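# using only what follows, build the 3D model:
(chains A, B, C and D)
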Protein chains: 2
Amino acid sequence: MRELKYAILGLADCSPVTGYDITKCFNASLSKFWDAKHSQIYPELHRLLEEGLVEYQVTIQGEKMEKKVYSITKKGREELLEWLRKDSDIMAVPKDTFRLRLYFGDRLTREELSETLNRQYKKRKSRFIYLESRKQATSEAAQDKSRYQREYMLLCGGILREGAYVKWLEECAEFLGIELED
Amino acid sequence: MRELKYAILGLADCSPVTGYDITKCFNASLSKFWDAKHSQIYPELHRLLEEGLVEYQVTIQGEKMEKKVYSITKKGREELLEWLRKDSDIMAVPKDTFRLRLYFGDRLTREELSETLNRQYKKRKSRFIYLESRKQATSEAAQDKSRYQREYMLLCGGILREGAYVKWLEECAEFLGIELED
DNA sequence: TTCTTCATGTAAACGGTTACATGATTCG
DNA sequence: CGAATCATGTAACCGTTTACATGAAGAA
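I've put the predicted structure just below:
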């Protein structure tokens, strides 16, 4: 529970950050390790501040624009480490609208079902190909820069996940006797 | 949005159901096509009733225990079909606590990281093996009974997903130079 | 008789999204 | 000058979980 807390704490432990930085970081990487909107991040930062896990310094950007740069405190680092050492339960099966549609797919005509399957296949496959293409670039960076190693590992995880989904769709098509367009 | 609505509508379209039946159905199958607690299902059923998508008849179980058996209406079936024909966007990357822990894993000692990885590997692998073992049983049923076909397809999806996760953990171990116990 | 399962609900809290709201800075 | 980006917040709403609450039926 309260996992956003630890995602923020972890980022603040890498280097001092603003709420805006955190938002960008969550949106940026393909290999999303977490996701949150700024409307969730700012209140959480306030809460971490109250709990004494982070502190901030106001910096002036340009003429007068204030930004709050948060750093982790000793107490914050301790709590982060404590959390990192904990056991992770395997996550509940994610809710997947496509899977739900497929489950009740016998109500559709053969053509409709084929369309449903093909549309998903197209999307998943193009995402898979895109991630694969990004792997090469990240792979080289991961060799020397240790900060790219974790990005690389997560990217590999994403590729394997997408690959499994694509393969599943191919299996479904075969099982249902549906032709997949490529 | 409101996907629980369609999960319930779909089940009610298979055969008349009580709220309790729906709850059981969601909890039962390995190849969970959806998940919800009874505290979410009962209010949703009331809402579907108001919208005229389901109707119910009260049945007496035993001496005096009343149960509400819901069936889908014509309007409900139409809305379900309309929804089934829609396109499914690919779901957002699921939030995964283990992935988050791994991302900040450089803060742990080599031994701690090894433990973290091994614990997850053990869980994932045993789940994978369990699902695989269930595949055989379901496979035979899927040959003749059409109602087992969709169960079978979803189970295959689950196996591929778990398999990919296991493979990813193995890749991570190799990348980090960590030995996985089997 | 006691325990499990069947059966139906409500209330509070939580995590997350969407929308509302404001204003400075930088780049073309 | 105008558009994109930087920067920080709040409020309402929605979906979901946990806890509260009750009681009958069936099996051991």
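# mind giving me the packing neighbours of the helix or strand of chain A with the lowest mean pLDDT?
Within chain A, no helix or strand scores below helix A:110-144, which has a mean of 92 by mean pLDDT, DSSP states H and E. Other helices and strands packing on helix A:110-144, by 3 or more CB pairs under 8 Å, 6 or more residues apart in numbering or on different chains; DSSP states H and E, are helix A:97-103, helix A:146-176. All C-beta atoms are positioned from the backbone trio N, CA, C, and that covers glycine.
# skipping adjacent residues, who's closest to the residue nearest the centre of chain A in space?
Taking CA atoms, centre = their mean, the centroid of chain A lies closest to residue A:32, which sits 2.4 Å from it. Counting by CB to CB, 6 or more residues apart in numbering or on different chains, residue B:93 is the residue found nearest to residue A:32 once chain neighbours are left out, at 4.8 Å.
# tally of neighbours for residue A:98?
With neighbours defined by other CB atoms under 10 Å in any protein chain shown, the count for residue A:98 comes to 21.
# ok, residue A:24 next?
Residue A:24, neighbours per other CB under 10 Å, totals 12.
# in terms of helices and strands, where is it?
helix A:19-28 (DSSP states H and E).
# quick check: next helix or strand after that helix?
helix A:38-50.
# what sits up against that following helix?
The contact list for helix A:38-50 (CB atoms under 8 Å, 6 or more residues apart in numbering or on different chains) reads A:4-5, A:8-9, A:19-20, A:22-23, A:26, A:36, A:54-56, A:68, A:70, A:76.
# mind doing that once more with 10 Å?
A:2, A:4-5, A:7-9, A:12, A:17-24, A:26-27, A:36, A:53-56, A:68, A:70, A:72-73, A:76, A:79 (CB atoms under 10 Å, 6 or more residues apart in numbering or on different chains).
# secondary structure class of residue A:70, three-state.
Under DSSP: H, G, I helix; E, B strand; the rest coil, residue A:70 falls in the strand class.
# quick one on the thing from earlier: near DNA strand C, list only the ones from the contacts of helix A:38-50.
With CB under 7 Å from any atom of the strand as the criterion, the contacts of helix A:38-50 include A:2, A:4, A:36 near DNA strand C.
# right, and residue A:127 touches residue B:89 too?
No - in this structure residue A:127 lies outside contact range of residue B:89 using CB atoms under 10 Å: 11.3 Å.
# neighbour count winner among the two?
Neighbour count, other CB under 10 Å: between residue A:127 and residue B:89, residue A:127 has more, with 17 against 11.
# OK, contacts around the nearest residue to that one once chain neighbours are set aside?
The spatial neighbour of residue A:127 that comes closest, neighbours along the chain excluded (CB to CB, 6+ apart), is residue A:162 at 5.7 Å. The contact partners of residue A:162, taken as CB under 10 Å, 6+ apart, are A:124-132, B:90, B:93, B:164.
# again, 7 Å this time
A:124, A:127-128, A:131 (CB atoms under 7 Å, 6 or more residues apart in numbering or on different chains).
# same check, this time on residue A:4
A:36, A:40, A:44.
# that one and residue A:20, how far apart?
Counting by CB to CB, to the nearest Å, the gap from residue A:4 to residue A:20 is 16 Å.
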